[in-house]
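>>> heads up, no residue letters with this:
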């Protein structure tokens, strides 16, 4: 038997967009996108996904939990690296299929598995003449 979801199903469009109930709209894989930004300077740190359990744990503990699509398991951000993300604020978008969390990052303050502070460390350039996109460093 499956445990009940900790969130009520979304209501009408008006209820979702204007109501006060948090009723996240999980996709066909049971996930919502989550953008993590630095609570102090607003820098976008990472994009990850949450399922109902990781979202509930995030709300219960005040620390970011995600669903690792590559490993197929819950992921407590910073559990091994020390880069625990303490949630300062959580918001949802207009149709409640994405969340944004403002976090204070523990440890060395990094978030990316490459050792960088943020996962968005490259800029995409597009050359209309060639029709090609290339990547360039955006951060040192």
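Perfect, I can see it now. Everything quoted here is computed from the prediction, not taken from an experiment. Residues are numbered from 1 along each chain as shown.

>>> so where's this protein uncertain?
1-5, 140 (pLDDT under 70).

>>> Let's check: the centremost residue of it is which one?
Relative to the mean C-alpha position of the chain, the nearest C-alpha, by CA atoms, centre = their mean, is the one of residue 34, at 2.2 Å.

>>> can you give me the strands for the chain?
32-38, 44-50, 65-68, 73-76, 85-92, 98-105, 122-127, 132-137 (DSSP state E).

>>> Quick one, which of those gets closest to residue 14.
Evaluated over the strands of the chain, closeness to residue 14 peaks at strand 85-92, with 15.5 Å, by CB to CB. To be clear about C-beta, it is placed using only N, CA and C from the backbone, and glycine gets the same treatment.

>>> who does the lengthiest helix in the chain touch, helix- and strand-wise?
Criterion DSSP state H: the longest helix present in the chain is helix 52-61. Helix 52-61 is packed against strand 65-68, strand 73-76, strand 85-92, with contacts defined by 3 or more CB pairs under 8 Å, 6 or more residues apart in numbering; DSSP states H and E.

>>> Distance from the chain centre to it, please.
12 Å (CA atoms, centre = their mean, to the nearest Å).

>>> which residues are in contact with it?
5-7, 24, 26, 30, 32, 50, 64-67, 74-76, 87, 90, 99, 101 (CB atoms under 8 Å, 6 or more residues apart in numbering).

>>> ok so, going back, can you name the residues bridging to the residue nearest to the centre of the chain?
The partner list for residue 34 in beta bridges (DSSP bridges) reads residue 48, residue 99.
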